[in-house]
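Undergrad: Here is my input, please return the structure:
(chains A, B, C and D)
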4 protein chains.
Amino acid sequence: MSGNTIGSLFRVTTWGESHGPAIGAVIDGCPAGLPIDPAYIAQQMARRRPGHSDLTSPRQESDECEILSGVFEGFTTGTPISLLIKNTDQRSVEYQQLRDVYRPSHADYTYEARFGRRDHRGGGRSSARETVARVAAGAVAQLLLKELGVKIYSFVTGIGEIRLDIPYTELDLQQAAESVVGCPHHPTAQRMTELIAQVKEEGDSLGGTIRCVAQGVPAGWGDPVFDRLEADLGKVMLSINAVKGVTFGAGFEAAMGRGSVYNDNYVNSDGKIIPGTNHSGGIQGGISNGADIILDVAFKPVSSIPRPQNTVDRHGNPVKIEIGGRHDPCVVPRALPIVEAMAALVLADHALRSRTVRIG
Amino acid sequence: MSGNTIGSLFRVTTWGESHGPAIGAVIDGCPAGLPIDPAYIAQQMARRRPGHSDLTSPRQESDECEILSGVFEGFTTGTPISLLIKNTDQRSVEYQQLRDVYRPSHADYTYEARFGRRDHRGGGRSSARETVARVAAGAVAQLLLKELGVKIYSFVTGIGEIRLDIPYTELDLQQAAESVVGCPHHPTAQRMTELIAQVKEEGDSLGGTIRCVAQGVPAGWGDPVFDRLEADLGKVMLSINAVKGVTFGAGFEAAMGRGSVYNDNYVNSDGKIIPGTNHSGGIQGGISNGADIILDVAFKPVSSIPRPQNTVDRHGNPVKIEIGGRHDPCVVPRALPIVEAMAALVLADHALRSRTVRIG
Amino acid sequence: MSGNTIGSLFRVTTWGESHGPAIGAVIDGCPAGLPIDPAYIAQQMARRRPGHSDLTSPRQESDECEILSGVFEGFTTGTPISLLIKNTDQRSVEYQQLRDVYRPSHADYTYEARFGRRDHRGGGRSSARETVARVAAGAVAQLLLKELGVKIYSFVTGIGEIRLDIPYTELDLQQAAESVVGCPHHPTAQRMTELIAQVKEEGDSLGGTIRCVAQGVPAGWGDPVFDRLEADLGKVMLSINAVKGVTFGAGFEAAMGRGSVYNDNYVNSDGKIIPGTNHSGGIQGGISNGADIILDVAFKPVSSIPRPQNTVDRHGNPVKIEIGGRHDPCVVPRALPIVEAMAALVLADHALRSRTVRIG
Amino acid sequence: MSGNTIGSLFRVTTWGESHGPAIGAVIDGCPAGLPIDPAYIAQQMARRRPGHSDLTSPRQESDECEILSGVFEGFTTGTPISLLIKNTDQRSVEYQQLRDVYRPSHADYTYEARFGRRDHRGGGRSSARETVARVAAGAVAQLLLKELGVKIYSFVTGIGEIRLDIPYTELDLQQAAESVVGCPHHPTAQRMTELIAQVKEEGDSLGGTIRCVAQGVPAGWGDPVFDRLEADLGKVMLSINAVKGVTFGAGFEAAMGRGSVYNDNYVNSDGKIIPGTNHSGGIQGGISNGADIILDVAFKPVSSIPRPQNTVDRHGNPVKIEIGGRHDPCVVPRALPIVEAMAALVLADHALRSRTVRIG
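TA: Numbering: from 1, shown residues only, chains lettered A, B, ... in the order given. The predicted structure is shown next:
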């Protein structure tokens, strides 16, 4: 069975391994007539790219995205859009020693259990390198959403034990872009930065959390009963490497509370019906209610840590490994454009789906 | 677009409204030769049914499941299995007053925003009544999984602020069935029961959390990159009414930790390679690693509370409503068979998918 | 894998066996707001029903279609529409003798080869009885298409060696309904009727052909490259029992001709661009061009013939069988509503699909 | 909605325009462990390539297929296989004059009607150039089928009015490869060749027919009721440019005959149950019966003919066009590898599907 395609109407298939010649995505179902700005795609990809600061992997990726089809004279034509990003700066030789070893918390063992073999170079298909194709495709989805008045923000709300506790409505979300850790609150960002530096020194790694907010989604997107907006958004978030949890609105906090506190009623705001509060994260019954869509994503710490670890090889022999390669102590800040891309793919899909649910 | 079908190979479509003549499910893709035990299906449905105790809605549902096709002489034939559950004890008249009103945190407004109309009787399609079809279909999936050696457990880990803090590996999960609140630890169960009784008295409602554990899943199930096991399991959990969060393994806790602590290495256990620890919840790279699959689900408090609430009607006029009908102050215990059913549907699907990924 | 669902946006799943308690269909994706006229559904089902004349099977089927969900106060709500038709007048005992025998040109052997078992009663799932669910679901699709100005006609163009050779544009297609064999040209219908009577006497059966014409389909429906209108229409026609061929426009005749003869140019008709000729059957590049969509379907002769035939049983022993039961010598006239239903399902699906292909 | 993906388990998405930088396919779902022979892919593509003889278009296409992912050390890994073929020898300028014109029987008008715009260069996405990606992907499917003992043959059975009337069982199908027109009977091939030469001289074009035979398909492939083998095979054949008809076994001929003649009984052949005759083309009830699968495909004449034709431009103005470019008078011989590729994609898909239909 496949597994490399997401979406019903705005469909994206990604392909490619970390150390193969290229990685790419094919978008099938993007409506015709959408102006495509390659600079915007490049900009989203740049946000994901390592090598920005001392905090990230020194792997150099130029990550130019070639558009091979589906765009003519600057506009989409309604035919598949093929995006291709060449892999460069591959140092497969570094991975030779890992050919027969199952790294802790990596997919080495599970890929072999499933497929009977694996491309061991840099994690092959299981590498986070795959997400570069998602970001490229997601940028096209974001261009579509812009035309529809939807804007997606994301920012880092936690790195290790450091938490951003200020409600996002009291922050300037644009400031996340100016922070090396993607946190829009300067003092918290500073503490996060220091923690990453410290943990890097310790030869360890960190997890963290991201909040994603979609503004401008009209009431009426999302398809009960299985393709609820939470379900589809949750699925794609959980399809990102290292993600181990996703919540909407008040999430697990609401689970500890009372209905009288967490219910969102409706109010009349200058003749428009809108939710008066937003504990539900903009979704009721799986369908958007016009309020901001709010979700939180948990990333486990990076599995590749530069200290010796015990594990076994393919034959069950105990081995002590030290993972070389070039790895970030914390990938969460670089995951922001990935989270936005995944949210955009789902919302673009549901934007199109919502056009078919009424007779007129 | 549809939205009422889940699964790729083991596919389930549900249909039906709360106050229509019946509710049902069609399973397409269940393999031939599976012995079907109607008593087992009935038993799972009974666990979901209200009216067990003072804690639940007095709505009486007999919930007999008719098998209309796909089973012949006690075995599945490989053709679609149609399951039908008649609706009884409907009191639509009680809902007449809600025809034009948008109840807080209900799907009334969003269904209308999407479809331009709605069946207002008891929430129509958005009613939790729909889950009866899921439980019936999930029971068939569980019968299939049993043949494959997989067993799914679930139990309540939180009701409001009461938390079960003992690791599940130190509990007898079978005891959950003996608790009216579905919690396998008697003293905690007792406190949960008391809290529900108290909140019922207060005319309020409660959320809670459920942990689900699947044992016996072999290494190798799950399909990177989008149909990772977390992604598919997470999606179906988030498709359950009132669910607002899902996590795997250490979840949000891991997001606050270090890789050196949360990495799961591999060990040789009597010649068999297995994970030495299980912070990842049995999944690496989206594929099962042979350890228990562990997930947690957060339910927001029930939206229907028996106290006056402010909201608006279809025309934007402010109204104060008092929701009658028969509602539970806390649905979490009754959600256990639903959570298990949804997990079973995904695992049955991936069991079949895993048969097609190797040449031989 | 499934196989019992058709359509992308207007999706239909059918279920049920010939001698089970009921047969049904679930429509997922029918837009909200469509007025549902149960009398129209009943009328289409009546056209399919046997027992109209001496020419058809005496099996009595009342074939009442219950609508169990998705329709509220006369209009679709956008939720799944569940249609159920009870099976009556089953005489399973007649089929007992066929339990272990593989009837010639029936699906007995192939179902067993696939599933390892089969419901032998009346062909089980492979019975043409299954098409009753298609006709019911197709009637809903036709109601949708009516709203969009599309009308589907079909008529019998051949029974055995008797052919209708007059172009349909010179006939009154409504007259097909008045002919017991569904042929709109009286003298030809008369000869067809006589041939069927004669072949019935001979204890043999006949095949035949049906032409289907869809009028009012606007230019722009159909999705290149794999979901071309011919591809999707052809697929559903070939999914009907006994169909062994389908052609569009000039079909195999065009294969013998020249481009200079068969090319369809465009002309300006009072300011509207339309095809000047229609050898292509209303489709270019897989997309409708505004002309009538024309397709022809070939049915092989009925496999059940009331004369002794040689075959083998499950153990490979040669047996001579005489098929009892109640079978038509020629099913082609009764297949008209099935052909129309299948065409309607595809066109309704593509009507919805066409709403999502442009940005605005 | 998409439309550029085919298959359920062995899924292929194609992308690319005739005059874009490249064309390609992504295969998702090819099982791991399949040895990939690039020479075999190249060989299938060479059969499709124009420029072989005086009879075909002089367009030069090197058509090298790059494998960008999914193959490691010579074997498939179970991850998506990305195939890319660069477009070369494009002469877009030749098409400039056709920018605003709707060529007869081309997709110019219908693409615009659907998408509001089109890439007019060489037909863009509607060009038969797209089929190069199908042939490449189909070659991978054929490698999979070889492992399973299935072999697919195709040969030309008609060019214009010249018909091959000898049953294929009396011919050496390998000889088709040695004929410039793909016909395995030398005298008929000679007459076909002469007819093509004559029609080329006349500035006209020809249609034709292809028979495709799959040998070695075991009984039990194909999924009732909608994904019958005829339905899925028929769909893909009708998705090929210029195809206007498809039949199975005796096809339209059977429609004119009697059940007593066309029924296929079963016989015991050395302890194996096999069909005694094969009028059904190897399929009963939509499932293979172990006999050869036989289908026939009708191609209409090439639309591009080198003589003046009347049509209109985008504004409805009548224009007389003369199509330059480089076009074959008859594409049928070059379509053989396309027909085989499409058959292979369906059979590979159903091979995998058949693994999931039984409990054991």
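
Undergrad: near chain C, which residues of chain A show up?
TA: Contact residues, chain A versus chain C (C-beta under 8 Å from any C-beta of the partner chain): A:9, A:29, A:31-34, A:76, A:78-79, A:144, A:147, A:224, A:352-353, A:355-360. For glycine as for every other residue, the C-beta is placed from the backbone atoms N, C-alpha and C.

Undergrad: hmm, 7 Å instead?
TA: Residues of chain A lying close to chain C by C-beta under 7 Å from any C-beta of the partner chain are A:9, A:31-34, A:78, A:147, A:352, A:355-360.

Undergrad: Check those for burial and list the buried ones.
TA: With neighbours counted by 16 or more other C-beta atoms under 10 Å in any protein chain shown, these contain buried members at A:9, A:31-34, A:78, A:352, A:356-359.

Undergrad: Quickly check those for the two that are furthest apart.
TA: Farthest pair in these (C-beta to C-beta) is A:L34 and A:I359. Separation: 26.5 Å.

Undergrad: Now do the same contact list for A:A298.
TA: By C-beta atoms under 7 Å, 6 or more residues apart in numbering or on different chains, the residues touching A:A298 are A:209, A:243-245, B:247, B:251-252, B:254-255.

Undergrad: now, which of these lie within helices?
TA: Cross-referencing the contacts of A:A298 against helices under DSSP state H gives B:251-252, B:254-255.

Undergrad: Pick the one among these closest to D:L195.
TA: Among the ones in helices among the contacts of A:A298, and counting by C-beta to C-beta, the member closest to D:L195 is B:G251, at 71.7 Å.

Undergrad: Just want the residue of the stretch 251-360 of chain A that's nearest chain B.
TA: A:G285 (2.4 Å; C-beta to the nearest C-beta).

Undergrad: mind checking how far the closest residue to chain C within the stretch 151-300 of chain A is from A:I162?
TA: When you check the stretch 151-300 of chain A against chain C by C-beta to the nearest C-beta, the closest residue turns out to be A:P224, at 7.5 Å. Distance of A:P224 to A:I162, given as C-beta to C-beta, to the nearest Å: 38 Å.

Undergrad: what about these two, which has more around it?
TA: Per other C-beta atoms under 10 Å in any protein chain shown, whichever of A:P224 and A:I162 has more neighbours is A:P224, with 26 against 22.

Undergrad: wait, doesn't the more buried one sit right on B:S126?
TA: Yes. Counting by C-beta atoms under 7 Å, A:P224 does reach B:S126; the two are 6.3 Å apart.

Undergrad: quick one, phi/psi of the residue in the stretch 251-360 of chain A that chain D sits nearest to?
TA: Residue of the stretch 251-360 of chain A nearest chain D, by C-beta to the nearest C-beta: A:L352 (8.2 Å). For A:L352, the backbone dihedrals (degrees, to the nearest 10) come out as phi -70, psi -40.

Undergrad: you'd agree it is up against A:R11?
TA: No. Here A:L352 does not reach A:R11: they are 10.1 Å apart, not a contact under C-beta under 7 Å.

Undergrad: and chain A, which residues reach chain D?
TA: Going by C-beta under 7 Å from any C-beta, the residues of chain A near chain D are A:1-2, A:4-5, A:9, A:11, A:13, A:15-17, A:20-22, A:24, A:26, A:28-29, A:32-33, A:68-70, A:72, A:75, A:77-80, A:82, A:114-119, A:125.

Undergrad: What subset of those is buried?
TA: A:1-2, A:4-5, A:9, A:11, A:13, A:15-17, A:20-22, A:24, A:26, A:28-29, A:32-33, A:68-70, A:72, A:75, A:77-80, A:82, A:114-119, A:125.

Undergrad: So which of the residues you listed sit within helices?
TA: If you go by DSSP H, those have A:114-115 in helices.

Undergrad: restrict the buried ones among the residues of chain A next to chain D to contacts with chain B.
TA: A:1, A:4-5, A:9, A:114-116, A:125.

Undergrad: ok, which pair from these is furthest apart?
TA: Farthest pair in those (C-beta to C-beta) is A:L9 and A:G116. Separation: 34.7 Å.

Undergrad: now the strands for the stretch 51-200 of chain A?
TA: Applying DSSP state E, counting those that start in this stretch to the stretch 51-200 of chain A gives strands spanning A:65-67, A:71-72, A:75-76, A:81-86, A:151-159, A:162-163.

Undergrad: try the stretch 251-360 of chain A
TA: With DSSP E, counting those that start in this stretch as the criterion, the stretch 251-360 of chain A has strands spanning A:266-269, A:272-275, A:283-284, A:287-288, A:293-299, A:309-312, A:318-321.

Undergrad: can you redo those strands as JSON lines with mean pLDDT?
TA: As requested, the strands of the stretch 251-360 of chain A are arranged in JSON lines below (pLDDT from 0 to 100):
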{"stretch": "strand A:266-269", "mean pLDDT": "96"}
{"stretch": "strand A:272-275", "mean pLDDT": "95"}
{"stretch": "strand A:283-284", "mean pLDDT": "98"}
{"stretch": "strand A:287-288", "mean pLDDT": "98"}
{"stretch": "strand A:293-299", "mean pLDDT": "98"}
{"stretch": "strand A:309-312", "mean pLDDT": "95"}
{"stretch": "strand A:318-321", "mean pLDDT": "94"}
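
Undergrad: For B:S280, find the nearest of the ones you listed.
TA: Per C-beta to C-beta, nearest to B:S280 of the strands of the stretch 251-360 of chain A: strand A:293-299, 12.5 Å.

Undergrad: Any regions of chain A where pLDDT drops low?
TA: Per-residue confidence for chain A (pLDDT under 70) gives these ranges: A:1, A:51-61, A:89-94, A:324-326.

Undergrad: try 90
TA: A:1-2, A:48-63, A:88-98, A:122-123, A:177-178, A:306, A:322-328, A:360 (pLDDT under 90).

Undergrad: From C:L145, how far off is the nearest residue to A:A341 once chain neighbours are set aside?
TA: What sits nearest to A:A341 in space, not counting adjacent residues and going by C-beta to C-beta, 6 or more residues apart in numbering or on different chains, is A:G138, at 2.3 Å. In this view, A:G138 and C:L145 are 36 Å apart by C-beta to C-beta.

Undergrad: Looking at those two, which one has more neighbours?
TA: Comparing A:G138 with C:L145 by other C-beta under 10 Å, the one with more neighbours is A:G138, at 32 against 22.

Undergrad: I'd say that one and A:V346 touch.
TA: No. A:G138 lies out of contact with A:V346 (C-beta under 7 Å); the separation is 9.8 Å.

Undergrad: picking up where we left off before, A:N263 is nearest to which of the strands of the stretch 51-200 of chain A?
TA: Among the strands of the stretch 51-200 of chain A, strand A:151-159 comes nearest to A:N263, with 24.6 Å by C-beta to C-beta.

Undergrad: does any part of that closest one sit near chain B?
TA: Yes. Interface with chain B: strand A:151-159 contributes A:G158 (C-beta under 7 Å from any C-beta).

Undergrad: Paired strands for that strand, with orientation please.
TA: If you go by DSSP bridges, strand A:151-159 pairs up with strand A:162-163 (antiparallel), strand A:208-215 (antiparallel).

Undergrad: from the middle of its chain, how far away would the longest one be?
TA: Taking the mean of its C-alpha atoms, strand A:208-215 sits 10 Å from the chain's own mean (C-alpha atoms, centre = their mean, to the nearest Å).
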